[in-house]
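Participant: Dropping the sequence and predicted coords here.
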Amino acid sequence: MTDNGRVTATAVTSDKGPRDVVLLGSTGSIGTQALDVVRRNPDRFRVVGLGAGGGRVGDLAAQALEFGAEAVAVSRASALEDLQLALYAHAQRRGYARGESRLPKILAGPEASAELAQWPCDVVLNGMTGSVGLVPTLAALRAGRTLALANKESLIAGGPLVTPYLDRIVPVDSEHSALAQCLRGGRLDEVDRLVLTASGGPFRGSTRAQLTAVTPADALAHPTWNMGPVVTVNSATLVNKGLEVIEAHLLFGVPYERIDVVVHPQSLVHSMVEFTDGSTLAQVSPPDMRLPIALALGWPHRVPQAQPPMDWRSPQTLTFEPLDQAAFPAVGLARAAGIAGGTAPAAYNAANEEAVAAFLAGHLPFLSIVDTIAEVLDRLPLRERPTVADVLDVESEARRLARERIGVAA
Ligand SMILES: NC(=O)c1ccc[n+]([C@@H]2O[C@H](COP(=O)([O-])OP(=O)(O)OC[C@H]3O[C@@H](n4cnc5c(N)ncnc54)[C@H](OP(=O)(O)O)[C@@H]3O)[C@@H](O)[C@H]2O)c1
């Protein structure tokens, strides 16, 4: 963006050749879509590093050889041997000689993602799930990289630790990408309100009473987006929208009372900016993450044919409705945590991560996810100007309290 908003990403300006990209979370939904963008745009992007948790080493090895990555990282140290074997197997399939130098350097262990985040490159895309992404996010930013940020949890948990680097962060979340695009249409001091759209998830229109018997399979059936399991459950509880309200505040500096959420079931309008003269700019495209991913990697330039456009020759119905705060209290709770500031957003997110894991394992009822967050926020004292150690400490305490409550609720 120009000087209109706070997402400036001025570091990505040299376009002498393809941009070198490090991709954290390459085996996930965002990661594989990002690779699709790179695959279709070899003149613009080149993969130099790929990282994942260690759950899908076969996929990671295949990606590393297809894209010729210089380095691969897995956080789970025990996945090292399987990754080596998978790399050799894929290399053999490609006809490489044993020990050939085209195999990537392997980084393994809890520090591996942060190490990879500092690998020489132009852009780091953080597509990991969870606040485990915080340390790699900070590592990339401190190393001077531009950060294409899908891992909203790291911005939310890190808050004031991450915001000093806003000039090098470009959002990947479709809503925040939409806001960044709309903000090109006016100055930040001309903005009246940010309006985040929400699909409403699979339980739009349900009452709280109807949500008592929701199963993980119900919650994983998102009507418009195909995403990883955690963000899909977060969309069903509306916790994801709560996190996005905090994300919007941190990215664009607009006060919480001027950030609205509106339910838009078609997921075509990805968010809107209302300006002080009464004009509203909206960004509209079919639900497809390849557009915001491509824009974040190429910022500020658009990538041609990043996704098929809207078909405006066919009839289109766009509807908007207010959010049912009684059935979905997660957004109000996130707003309160955001206004409290300090470590409250980190606690909100950490308690949610524990509760979602318990829900997916069948140990916690759906409605207890948000109840768990509320109780943890109530019990945990706020730290106002946290260091990284404070954030990690608060996170671990929030997780402990959440597990304690889940043990009772189970
Ligand atoms: N999917 C979407 O459409 C979408 C849209 C907007 C925002 N987002 C955000 O993007 C992020 C990723 O979402 P997703 O849907 O892509 O999730 P996902 O499909 O579950 O993928 C998560 C990725 O993170 C990796 N990972 C997990 N734990 C890790 C660890 N400890 N260290 C390193 N890597 C780890 C996983 O590796 P393994 O394969 O080894 O487990 C996988 O590659 C989330 O923050 C989400 O909120 C997603």
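Facilitator: Okay, I see it.

Participant: quick one: the strands in the protein?
Facilitator: 19-24, 45-52, 71-74, 105-108, 123-126, 146-149, 169-171, 191-198, 259-263, 269-275, 280-284, 321-322 (DSSP state E).

Participant: can you list the ones you listed in JSON lines and add mean neighbour count?
Facilitator: Any C-beta I mention is one placed from the backbone N, CA and C, and that applies to glycine too. Shown next, in JSON lines, are the strands of the chain (neighbours: other Cβ atoms under 10 Å):
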{"stretch": "strand 19-24", "mean neighbour count": "26"}
{"stretch": "strand 45-52", "mean neighbour count": "26"}
{"stretch": "strand 71-74", "mean neighbour count": "26"}
{"stretch": "strand 105-108", "mean neighbour count": "17"}
{"stretch": "strand 123-126", "mean neighbour count": "28"}
{"stretch": "strand 146-149", "mean neighbour count": "30"}
{"stretch": "strand 169-171", "mean neighbour count": "28"}
{"stretch": "strand 191-198", "mean neighbour count": "22"}
{"stretch": "strand 259-263", "mean neighbour count": "20"}
{"stretch": "strand 269-275", "mean neighbour count": "22"}
{"stretch": "strand 280-284", "mean neighbour count": "17"}
{"stretch": "strand 321-322", "mean neighbour count": "11"}
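
Participant: Now mean pLDDT and distance to Leu80 too, for the ones you listed, in a markdown table please.
Facilitator: Putting those into a markdown table (pLDDT from 0 to 100; distance: least, Cβ to Cβ, whole Å) gives the following:
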| stretch | mean pLDDT | distance to Leu80 |
| --- | --- | --- |
| strand 19-24 | 98 | 17 |
| strand 45-52 | 98 | 13 |
| strand 71-74 | 98 | 7 |
| strand 105-108 | 98 | 4 |
| strand 123-126 | 98 | 22 |
| strand 146-149 | 98 | 27 |
| strand 169-171 | 98 | 31 |
| strand 191-198 | 98 | 41 |
| strand 259-263 | 98 | 43 |
| strand 269-275 | 98 | 39 |
| strand 280-284 | 98 | 42 |
| strand 321-322 | 98 | 50 |
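
Participant: Where does pLDDT dip in the stretch 251-400 of the chain?
Facilitator: Within the stretch 251-400 of the chain, not a single segment meets pLDDT under 70.

Participant: repeat for the stretch 101-250 of the chain
Facilitator: Checking the stretch 101-250 of the chain against pLDDT under 70 turns up 101.

Participant: what about the residue in the chain that the ligand sits nearest to, neighbour count?
Facilitator: For the chain, the residue closest to the ligand is Gly28, as judged by Cβ to the nearest ligand atom, at 1.9 Å. When neighbours are counted by other Cβ atoms under 10 Å, Gly28 registers 25.

Participant: same thing with Arg142?
Facilitator: Residues lying near Arg142 (other Cβ under 10 Å) number 13.
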